[in-house]
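[1] model the structure of this input:
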Amino acid sequence: MRRLLLICSLLLFTAYGSFAQSGTVSGTVVDAAAKPLEAVTVSVMETQKSTITDSKGKFTIAALNGQTIKFTYIGAKPYTLTVNNTTADPVIKLDLGNNSLNEVVVTGYSSQRKADITGAVSVVNVKDVANIPTGNIISSLQGRVPGMVVSNDGTPGGVGTSATIRGITTVNNSTPLYVVDGVQTRDNIATLLNANDVESIQVLKDAASAAIYGTQASNGVIIITTKKAKRNEVRINFNGQATLQQFHTSIPMLNTQQWGEAYWTAYKNDGLKPAHDLYGNGDVPVIPEFIDSKKTIRAGNTNWAKEVYHNALLQNYNLTVSKGSENGNSTFSFNYFDQDGLIKSTNFTRLNGRINNDYNFLKNRIRVGENLNLSRWTEKIKPGGIEELTIAQHPIIPVYDINGGYAGPTQGIGDKPNPIRLLDQAKRNRSEQYRIFGNAYIEVEPLKNLVIRSNYSANYRNGFGSAFEPKWKEGDRTVNKNSLTTTDSYDRQWIWTNTANYQLNIGKHAITALAGTEAKDYYSEFLTAYREDFIIEADDYRYISAGSGKQTNDGLASRNSISSYFGKVDYAFNNKYLLSGTLRRDASSRFGTNHNQGYFPSVSGGWRISQESFMKDVAIVSDLKFRASWGQNGNDQIDNEATYTKFLTNLTRAGYDIGGINQGVIPTGIIKDRSGNPDVKWETTTQSNFGFDLSMLDSRFNVTLDYFIKDTKDMLIDRPYIAIIGEGGYYAYNGASLRNKGLEGVLNWRDKIGKNFNYNITLTGSVYRNKVTGVPDDILYTFGGGNGSDKTIVGQPLGSWLGYQTNGLYRTQAELNDGINQPGKGLGRIRYVDVNGDKVINDRDRVWLGSDQPKFTGGLNLAMSYKAFDFAFFVTGVVRDAYNNSKFYTDFFQLWTGNHGTRLLQGWNPTTNFDSSIPALTAVNLNDEGRTSDYFIENGSYMKLKNLQIGYTLPVAIASKLSMRNLRVYLQGQDLITVTGYKGADPESLGYPYPLPRIFTVGFNLGF
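    Modelled structure (predicted):
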């Protein structure tokens, strides 16, 4: 009985204690939109006792009548509450203003406030890139994320886009890991994600932030979260874009008459009488009526760029329907994306559907959900190398002959094929692919702040390709054989992840612990069939069984798997001192038992100095945090069977006529293809990062700066196959090492003038240096472009050029009498530098000339709004060197018999163009001027007005009368202005890539 009375008394005391006079106050802290705020510091000013709010904004603290409770939150104005007899379950609203430090971002199996992050994490403002017309949202991040280099070309759909984070980390696959709604992949984002569905993007750059992903994270991690329904809201959004694309990066090429004049000048410079099969042998070149002996091909004056490229259209439409309630949310979106390429007959069309649902039960203690993305895309792919062919083909060749057939080359003008024939033949080839991409999960919260989650994700792709090579004739060339190649392929990946996440708040201490396991399995298979001799070439007969000639087939499968355990602990004291540690263990099927497992640790810390008492009077500083981190990531990107010795049956290389009778069937033998290495082990990248985050003037001015050192050791490489090794020369082992180090930063200023004018300026920039720090002895002088004898790439950037230095042209006889033995030298010829001083120009004079790796990348984004109007522009820039290999065509007549650039017309001449830096025209390459040299190296730096946009949003009052939630229309331009000294086609895309278009877009965003 006494125990019962005691229990009842305790219960009554506990109930009474909910009132202020009992000494305990409980309540909730929310923002202006009534959203619960986590990690708000709640302190009693008289006693200095404090606590922080939980994930639901709840708090409980001991306080007596008359005492003052202070609520502080990063970037928010402090709020005070005096305790009295009526203080019961208060709801405290804090004004966050422009502050973004409390924004919650996904950082790997969990989420954190930006203020608590101790690693190097960049958060992309998706609003800045939401309306950029691209099939690949990664392409729109160029220049917006410091430390991230995005390489774009104009391939329809954005499938030619790639990215690196903090430099080239490995000679293997340098693609970062993408995590879309928790699903990990290295696949091209263009094939699985609609840009309109993206809600947020985080880029994990240092080892500490990315180490939780272990072996997948050595190249950085890009986390993408898609849009979900808002609680208690029903929304319908429809977006549309119509885009015109223009070709604008042509290289000026010679016309038919100019080509003849250049030929005549070259021969005269050589002291020879000009004579040409087509232009005759008179004093001046004469364009013939016909260029073939049958007189069926009239001489043309073809601008091949205008024939190959054209203005193209892009259409992009997206419909999203979402519904949210207290117990669940559902979202459905459908996207149609259709982009014709600048190259005629090329196209990318994608249909994309996404379904997202999540539900909660038992007062949100059990949560289940799924994200499912279905994609179907078709591609019409360009013939390989047609971009270079466009500038190489001779202008005298017309597109068609007088009979309507394809014209072709004849004597003296090269042997390149007709580009239009290639395009016409390829335009009906098919490439169709499907992808199912998504995950399903269940979360259980058995105890307060303990969340147990099981997540299963799948990525399945199936593809089919059909490429038909018809019979063809162009000019005098005829091919009477046709063939068909078909390929059927698929790959599948599943990942099963189980995690437990626990949060514990004790006074000023906040601890978050995460533990998990993960299993991954990847399998791919393909089957290829080839057949010749099709009597009918119509589309309905382009199937393997319709052929009657030679047929072959090929097929292969590949599989690898990874098993992982990982854990992470985050600790914060008084919202001021931050510490985080991660450990992941991965075991990969690509390694043998000797080194199957790899352990990847990281540790990071932060000091929010702005929370110190001595900073309270520094009102100008809203937040200041110093960060430091160290960690390791792994890489297993090698052949799945690198640890095994492989033998293949092969008739060509292993067949032997044992009887020596030279007749009958030769037995198929077995040959050693690869030598296994059971000791090959993990490639490891170790990274240190030091940074700070500064927010000033009520969070109007913000700065983030990071310095990093990134070392890759035990790089996984395949030994170059040297003939003397003999059979089985392919051999994988741990070899070279690399170092990247750099500095990157973001400056942001956002403010308003008056009530209606808002503006936001963001400047990003990064500098980094890359160098090879070690190479195994057996390939020391051959790896990465070494000369095989005494030049090694160690100390040079990966991808450096080894070649000759030049010292202008020989312009006078005195210069020719320099005592240097340079075979082929003469007036108007390139003068090469005698580096070793032996008076002879040869291979021993080659030196390292640099690389095209960026020395600086940056961007400037300005966004403004005035009432219903908004305006934004984005400028990006790169500082680097560039190897302009188009000079092979534009500066040297002697290197090629096809077309050349108009720069030849400014070639050196002793009387009319003495100061020219372009070599004199010549018909013979005695001076070997096509060799790698710094003549081809230019300043490849550029600055581009990458995006310009102006929009108008219908006022809410008018939109509501029209039963709309919002309506915005806008005009946009991309790749509008380029400032550069580069002489090639486009400094952004070096070499002969698919050209980037200039884009003009009209679009709208409509919401109900």
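[2] what ranges does the stretch 601-750 of the chain have for its strands?
    Ranges of strands in the stretch 601-750 of the chain, per DSSP state E, counting those that start in this stretch, are 621-635, 646-650, 669-675, 683-696, 701-713, 716-718, 730-734, 737-753.
[3] weakest of these by average pLDDT?
    Among the strands of the stretch 601-750 of the chain, strand 646-650 carries the lowest mean pLDDT, a mean of 73.
[4] still on that earlier bit, got CSV for the strands of the stretch 601-750 of the chain, with mean neighbour count and distance to Ala959 too?
    (C-beta placed from N, C-alpha, C; glycine too.) Formatted as CSV, the strands of the stretch 601-750 of the chain follow (neighbours: other Cβ atoms under 10 Å; distance: least, Cβ to Cβ, whole Å):
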stretch, mean neighbour count, distance to Ala959
strand 621-635, 22, 35
strand 646-650, 13, 66
strand 669-675, 16, 66
strand 683-696, 22, 34
strand 701-713, 20, 32
strand 716-718, 21, 57
strand 730-734, 19, 62
strand 737-753, 18, 23
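[5] could I get these as TSV with distance to Asn455?
    Formatted as TSV, the strands of the stretch 601-750 of the chain follow (distance: least, Cβ to Cβ, whole Å):
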stretch	distance to Asn455
strand 621-635	22
strand 646-650	36
strand 669-675	37
strand 683-696	26
strand 701-713	30
strand 716-718	29
strand 730-734	33
strand 737-753	32
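[6] nearest to Pro419, out of these?
    strand 716-718 (35.7 Å; Cβ to Cβ).
[7] I would like the residues contacting the closest one, please.
    Residues external to strand 716-718 that are found in contact with it (Cβ atoms under 8 Å, 6 or more residues apart in numbering): 170-172, 635-639, 642, 680, 683, 730-736, 783.
[8] Gly143: which of the strands of the stretch 601-750 of the chain is closest?
    Ranking the strands of the stretch 601-750 of the chain by proximity to Gly143 (Cβ to Cβ) places strand 737-753 first, at 11.5 Å.
[9] tell me what angle the helix or strand that comes right after the closest one forms with strand 737-753.
    Per DSSP states H and E, strand 737-753 leads on to strand 757-774 as the next helix or strand towards the C-terminus. Orientation check (axes from the mean of the first three to the mean of the last three Cα atoms, to 10 degrees): strand 757-774 against strand 737-753 gives 170 degrees.
[10] list the buried residues of strand 757-774.
    758-760, 762-768, 770-772 (16 or more other Cβ atoms under 10 Å).
[11] run the chain-centre distance for it.
    16 Å (Cα atoms, centre = their mean, to the nearest Å).
[12] and Leu624, bridged to which residues?
    Leu694 (DSSP bridges).
[13] ugh, typo on my part, it should be Val121
    Leu204.
[14] do you know how far it is from Ala882?
    Per Cβ to Cβ, to the nearest Å, Val121 is found 32 Å from Ala882.
[15] kindly report the same for Ala88.
    With Cβ to Cβ as the criterion, Ala88 and Ala882 are 70 Å apart.
[16] higher neighbour count, those two?
    Ala882 (24 against 11; other Cβ atoms under 10 Å).
[17] please work out which residues outside the host helix or strand of that one touch it.
    Taking DSSP H and E as the criterion, Ala882 maps to strand 881-883. For strand 881-883, the external contacting residues (Cβ under 8 Å, 6+ apart) are 801, 850-852, 936-940, 982, 984, 987, 990.
[18] filter those to the buried ones?
    Buried by 16+ other Cβ under 10 Å: 801, 850-852, 936-938, 940, 982, 984, 987, 990, out of the contacts of strand 881-883.
[19] what would these look like in CSV with pLDDT, secondary structure and distance to Tyr541?
    CSV is the format used below for the buried ones among the contacts of strand 881-883 (pLDDT from 0 to 100; DSSP: H, G, I helix; E, B strand; the rest coil; distance: Cβ to Cβ, whole Å):
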residue, pLDDT, secondary structure, distance to Tyr541
Trp801, 96, coil, 49
Gly850, 94, coil, 54
Ser851, 95, coil, 50
Asp852, 94, coil, 47
Phe936, 97, coil, 48
Ile937, 97, strand, 51
Glu938, 96, strand, 50
Gly940, 95, coil, 49
Tyr982, 95, coil, 48
Gly984, 93, coil, 43
Pro987, 94, coil, 46
Leu990, 90, coil, 42
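[20] closest to Asn925 out of the residues you listed?
    Phe936 (14.9 Å).
[21] so that closest one versus Asn885, what's the distance?
    6 Å.
[22] now flag whichever of the buried ones among the contacts of strand 881-883 is closest to Pro133.
    For the buried ones among the contacts of strand 881-883, the nearest to Pro133 is Pro987 (22.4 Å; Cβ to Cβ).
[23] could you pull up the residues touching the closest one?
    878, 882, 940-942, 978, 980.
[24] how close does it sit to Thr890?
    For Pro987, the distance to Thr890 - Cβ to Cβ - is 15 Å.
[25] need the helices for the stretch 301-450 of the chain, in chain order.
    Shown for the stretch 301-450 of the chain, the helices assigned by DSSP state H, counting those that start in this stretch span residues 304-308, 386-392, 419-426.
[26] packing partners for the last one?
    The one in question is helix 419-426. For helix 419-426, the elements it packs on are helix 304-308, helix 386-392, strand 450-469, strand 472-474, judged by 3 or more Cβ pairs under 8 Å, 6 or more residues apart in numbering; DSSP states H and E.
[27] neighbours of the closest residue to Pro993 other than its chain neighbours, how many?
    Of all residues not flanking Pro993 in the chain, Asp153 sits nearest, at 4.1 Å (Cβ to Cβ, 6 or more residues apart in numbering). Residues near Asp153, counting by other Cβ under 10 Å, number 19.
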